[in-house]
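> generate a structure from the sequence data that follows.
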Amino acid sequence: MGRRRCRGRASLRAQGAEAPDGLYRHDRGGDALTAGRDASGEARVALPPRVSTGAFAARDPFAPIVDLGGTTMGTDWRLRLVSSPSLDLLALHGAILARLDGIIAEMSQWEPTSHLSRFNRLGAGHWADLPPDFAAVIACALRIAEESGGAFDPTLGRAAALLGYGAEIPADDDLGAARAESGWRKLAFDPAARRLLQPGDLWLDLSGIAKGYAVDAVADLLTARDIRHFLIEIGGELVGRGLRPDGEPWWVALEVPPGVALAPFHLALHEMAVATSGDYRRGAHTIDPATGQALPVHVVSVSVLHESAMLADGWATALTVLGPERGLARAAERGLAARIVTREGHGFREHVSPALQAMLED
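Next up, the predicted model:
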């Protein structure tokens, strides 16, 4: 999770319709998704496994689409929603900022006073009382860690810091010791009491899952305010709910990494989330829990579709670590809709899981 707190843009822009091609455009660089029709090959279309009939009944074909946005977690957040005359956009904007700032205050390693930073400083054998958001993310992180065979590990904070990916450099610069002190199985979590035991010198790093949770949290905030039709993104992790006014879903295109010749992949993001893990923009920064070192850039990108952005986010990281063979096998076993792009010699190869293949339009 990045260091910057939320800062919203003052201007709110309304528009009557989206881009003519209906695709969400996200092309400012550094994030996981983009859209457009400039890639080679015929576009493939992935449709959701279930369609909400209530979304059609609640649709207003004449409602405007409004864009809100700001910065959070070291990246941008953007919301595209179907508005109504009674909706107070400024109040909604403030509520989103407050929700995101609350998550940062709990789980950001860049905030010295965050609950995560305080946990990392605890002595061995001390229990930390976790607020609800933190507890929900830890529970999910440990679940993915177990189901992925440890490919996802939220306890690599010390190793990440020593490799230059963290907010603070440990006093001990021994990477081998940092790896030895990590390990998700060393954590004792009491979900009923929302307590987490510090085994000693273990640093949490939730950057591989907390951003997805934040997207889910904003989506739930919107739904609780009876906003049914929207597309919300934080740094390339997206949730789409409901429909556009014209009855179309929120169309999103997976980014094709630079130099990769793949046909466009268009997603109908209806009651679904998508998250992408990729090292092609910033270089190798995904850590292998087995070695404590950054993975070589063999897996170029992994995208996962799921009903939960938090689960999609965590599994995208886990499948990156597992690689194409074990990753596809684990995706098939867990019923995950995933695309893995790998570097093969001087070219690239795309791997599609059975669940994602089943979503492709004939």
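> where does the prediction get shaky in the chain?
For the chain, the stretches flagged by pLDDT under 70 are 1-41, 166-167, 169-173, 279-285, 361-362.
> apply 80 and report the result again.
Scanning the chain for pLDDT under 80 picks out 1-42, 57, 163-180, 255-260, 278-285, 290-297, 361-362.
> which element follows the host helix or strand of residue 101 toward the C-terminus?
Using DSSP states H and E, residue 101 sits in helix 89-107. Downstream of helix 89-107, the first helix or strand assigned by DSSP H and E is helix 115-120.
> residue ranges for the helices of this structure, please.
53-57, 89-107, 115-120, 132-147, 157-162, 175-181, 210-224, 309-334, 354-359 (DSSP state H).
> most tightly packed of these?
helix 157-162 (a mean of 24; mean count of other C-beta atoms under 10 Å). (Each C-beta comes from the backbone N, C-alpha and C, glycine too.)
> who are the packing partners of that one?
helix 175-181 (3 or more C-beta pairs under 8 Å, 6 or more residues apart in numbering; DSSP states H and E).
> for the helix it packs on, output the C-alpha coordinates as CSV.
Coordinates of each C-alpha in helix 175-181 appear next as CSV, following Å, rounded to 0.1, in the frame of the first residue of the first chain:
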residue,chain,number,x,y,z
LEU,A,175,18.1,-10.8,3.8
GLY,A,176,18.5,-14.5,4.9
ALA,A,177,17.5,-13.6,8.5
ALA,A,178,14.6,-11.6,7.2
ARG,A,179,13.4,-14.6,5.2
ALA,A,180,13.9,-16.9,8.2
GLU,A,181,11.8,-14.6,10.4
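> tell me which other helices or strands that helix touches.
Helices and strands touching helix 175-181, by 3+ C-beta pairs under 8 Å, 6+ apart, are helix 157-162.
> just how off-centre is the helix it packs on within its chain?
21 Å (C-alpha atoms, centre = their mean, to the nearest Å).
> who wins for proximity to residue 303 among the helices of the chain?
Of all the helices of the chain, helix 309-334 sits nearest to residue 303, with 6.6 Å by C-beta to C-beta.
> which secondary structure elements does the closest one contact?
Going by 3+ C-beta pairs under 8 Å, 6+ apart, helix 309-334 lies up against helix 132-147, helix 210-224, strand 237-241, strand 272-278, strand 299-306, strand 337-344, strand 347-352, helix 354-359.
> let's go with 6 Å and repeat that
Identification of packing neighbours for helix 309-334 by 3 or more C-beta pairs under 6 Å, 6 or more residues apart in numbering; DSSP states H and E yields helix 132-147, helix 210-224, strand 237-241, strand 272-278, strand 299-306, strand 337-344.
> closest to residue 102 out of these?
Among these, helix 132-147 comes nearest to residue 102, with 7.1 Å by C-beta to C-beta.
> what's that closest one in contact with?
Around helix 132-147, the neighbours that count as contacts under C-beta atoms under 6 Å, 6 or more residues apart in numbering are 103, 106-107, 115, 152-154, 184, 189, 191, 194, 206, 209-210, 213, 310, 314, 318.
> kindly report the same for stretch 235-249.
Outside stretch 235-249, the residues that reach it (C-beta under 6 Å, 6+ apart) are 22, 31-33, 55, 59, 61, 63, 75, 82, 211-212, 215, 219, 228-232, 250, 268-271, 273-276, 309, 313.
> for stretch 46-62, same thing?
By C-beta under 6 Å, 6+ apart, stretch 46-62 touches 228, 242-243, 245, 267-268, 270-272, 359-361.
> got CSV for these, with distance to residue 168 too?
Output for the contacts of stretch 46-62, formatted as CSV (distance: C-beta to C-beta, whole Å):
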residue, distance to residue 168
228, 42
242, 41
243, 45
245, 47
267, 37
268, 42
270, 41
271, 39
272, 36
359, 42
360, 44
361, 48
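> most surrounded residue in the residues you listed?
residue 267 (29 neighbours; other C-beta atoms under 10 Å).
> surely that one touches residue 252?
Yes - between residue 267 and residue 252 a contact is recorded at 4.8 Å, counting by C-beta atoms under 6 Å.
> rewinding a little: now for the helix holding residue 101, which elements pack on it?
With contacts taken as 3+ C-beta pairs under 6 Å, 6+ apart, helix 89-107 sits against helix 132-147, helix 210-224.
> CSV for the helices and strands packed on helix 309-334, including distance to residue 93?
Output for the helices and strands packed on helix 309-334, formatted as CSV (distance: least, C-beta to C-beta, whole Å):
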stretch, distance to residue 93
helix 132-147, 20
helix 210-224, 11
strand 237-241, 18
strand 272-278, 22
strand 299-306, 27
strand 337-344, 32
